[in-house]
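Colleague: Following is a predicted model, sequence given first.
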Amino acid sequence: DAGITQSPRYKITETGRQVTLMCHQTWSHSYMFWYRQDLGHGLRLIYYSAAADITDKGEVPDGYVVSRSKTENFPLTLESATRSQTSVYFCASRGARQGAEYGYTFGSGTRLTVV
Amino acid sequence: SQQGEEDPQALSIQEGENATMNCSYKTSINNLQWYRQNSGRGLVHLILIRSNEREKHSGRLRVTLDTSKKSSSLLITASRAADTASYFCATVYLTNKLIFGTGTLLAVQP
């Protein structure tokens, strides 16, 4: 089925380890985003991408790295995980030619725990 | 920092009643969007209102926008237990970055 898929759904990792969260969309949407959701903070933008090979920082980029070699994939890497990065991570996408009424489409999220 | 804040943080009503949530934001906007999030799930887009619009309807949803006060409200009429969720406003300005408020947790009691 077409859509936006995040993997893994749940992840437990140790402090200091590198971990990569995957996001894959099948619509060829130009724009993709990574958010983290924490209690009391709502959703905060980590990184976004306007197209393949074009990425930019959001509100809370420190400690994260992104890449976008293909339009459909937008992986998020925590280079050296810290406990403060324990969170629920959401990927989203939006087409450049989508009408403004459609909004953004979100994945189901990855719940990451850093121990 | 968050673009917006929502009020109230939590709201509990009975089925059939109307629910009103308010959102305030800080900067100019191109549009403002409302999303719903059921517990443990991703966000679902509900409605979008452009900066030059003042009111918009979609089914049981009514959104208003006051750019002079930098505020918006979401009204859900004749609420149902299935409307129980968190509701977020989010704004877009110049770029395609969607910046969220902190959300309102709505509980609709059957």
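Modeller: Here it is on my side, so go on.

Colleague: give me the residue from chain A nearest chain B.
Modeller: Closest approach between chain A and chain B, counting by CB to the nearest CB: residue A:103, at 3.1 Å. C-beta coordinates here come from the backbone N, C-alpha and C atoms, glycine included.

Colleague: what's the burial count for that residue?
Modeller: Other residues lying near residue A:103 total 23 when counted by other CB atoms under 10 Å in any protein chain shown.

Colleague: Could you check what's spatially nearest to it, not counting adjacent residues?
Modeller: residue B:45 (3.1 Å; CB to CB, 6 or more residues apart in numbering or on different chains).

Colleague: what kind of secondary structure is that neighbour in?
Modeller: strand (DSSP: H, G, I helix; E, B strand; the rest coil).

Colleague: Any stretches of chain B with poor pLDDT?
Modeller: Counting by pLDDT under 70, the ranges of chain B that qualify are B:1-3.

Colleague: For it, which residues are neighbours of chain A?
Modeller: By the rule CB under 8 Å from any CB of the partner chain, the part of chain B lying against chain A is B:1-2, B:31, B:33, B:35, B:41-46, B:48, B:50, B:88, B:90, B:96-103.

Colleague: residues near the residue of chain B found nearest chain A, how many?
Modeller: Distance from chain A to each residue of chain B (CB to the nearest CB) is smallest for residue B:45, at 3.1 Å. When neighbours are counted by other CB under 10 Å, residue B:45 registers 19.

Colleague: Tell me how many other residues crowd the closest residue to residue A:14 other than its chain neighbours.
Modeller: In this structure, residue A:14 finds its nearest non-sequential neighbour in residue A:115, 5.9 Å apart by CB to CB, 6+ apart. Counted with other CB under 10 Å, the neighbours of residue A:115 add up to 10.

Colleague: can you list the residues of chain A near chain B?
Modeller: So chain A meets chain B at A:31, A:33, A:35, A:40-45, A:48, A:50, A:58-59, A:90, A:92, A:94, A:100-109 (CB under 8 Å from any CB).

Colleague: The residue nearest to residue A:14 reaches residue A:12, doesn't it?
Modeller: Yes: between residue A:115 and residue A:12 there is a contact at 6.3 Å, judged by CB atoms under 8 Å.

Colleague: Show the residue spans covered by the strands in the chain.
Modeller: I went with chain A, as the question did not name one. Per DSSP state E, chain A has strands spanning A:4-7, A:10-13, A:19-25, A:31-38, A:42-51, A:54-57, A:64-66, A:76-78, A:87-94, A:105-106, A:110-114. These are given in chain order.

Colleague: actually chain B
Modeller: If DSSP E is used as the criterion, the strands of chain B fall at B:4-7, B:10-14, B:19-25, B:31-37, B:43-50, B:55-58, B:61-66, B:71-76, B:85-92, B:98-100, B:104-109.
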